[in-house]
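Asks: Provided below are the primary sequence and the corresponding predicted coordinates.
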Amino acid sequence: MATHLEIEQRQSVIRGWLESGITHSSAATMASVRFGISRSVSYDAIRQAQQTIDASDDGPAESEQDDLNPLSILATLQHHFNIAAASGDVPAMAKLVQSMDKARSWRGLKQEKASPLQSPHA
């Protein structure tokens, strides 16, 4: 008999599989192998996970389903860049600069590419 914690972990993994688009039959097979449970128990767990997904309101609010706002994306990227800079994570900073350049191009801005090494006075 599985403990309550094991059942919760199993549900979390199965929910992740379903949310990523795996079919129920594949999820049942994977759960059976991974958790050492029968296929009927796997299908019961899948049914419960699917009910949780269906009842969940984790999706975006209707106001969030509008077109993406490039300015909010840039602001979020800048925030993450500041965090990476504060922690000295240079690879993350480089990736974020590339992402910010791409987001600027979505807005149609014709700017020089940003560089963390570029001096504003050069």
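Replies: That came through fine.
Asks: tell me how many other residues crowd residue 73.
Replies: Close neighbours of residue 73, defined as other Cβ atoms under 10 Å, add up to 17. Any C-beta I mention is one placed from the backbone N, CA and C, and that applies to glycine too.
Asks: and for the nearest residue to it once chain neighbours are set aside, the neighbour number?
Replies: Closest residue to residue 73 apart from its sequence neighbours, by Cβ to Cβ, 6 or more residues apart in numbering: residue 103 at 5.0 Å. By other Cβ under 10 Å, 20 other residues sit near residue 103.
Asks: repeat for residue 22
Replies: So residue 22, with other Cβ under 10 Å, has 16 neighbours.
Asks: for residue 25, same thing?
Replies: 12.
Asks: likewise for residue 9?
Replies: Neighbour tally, residue 9, other Cβ under 10 Å: 13.
Asks: continuing past the helix or strand containing it, what's the next helix or strand?
Replies: Secondary structure from DSSP states H and E places residue 9 in helix 4-19. Helices and strands here follow DSSP H and E; after helix 4-19, the next one along the chain is helix 24-35.
Asks: what packs against the helix or strand following that next one?
Replies: As assigned by DSSP H and E, the chain's next helix or strand after helix 24-35 is helix 39-55. When contacts are defined as 3 or more Cβ pairs under 8 Å, 6 or more residues apart in numbering; DSSP states H and E, helix 39-55 sits against helix 4-19, helix 24-35.
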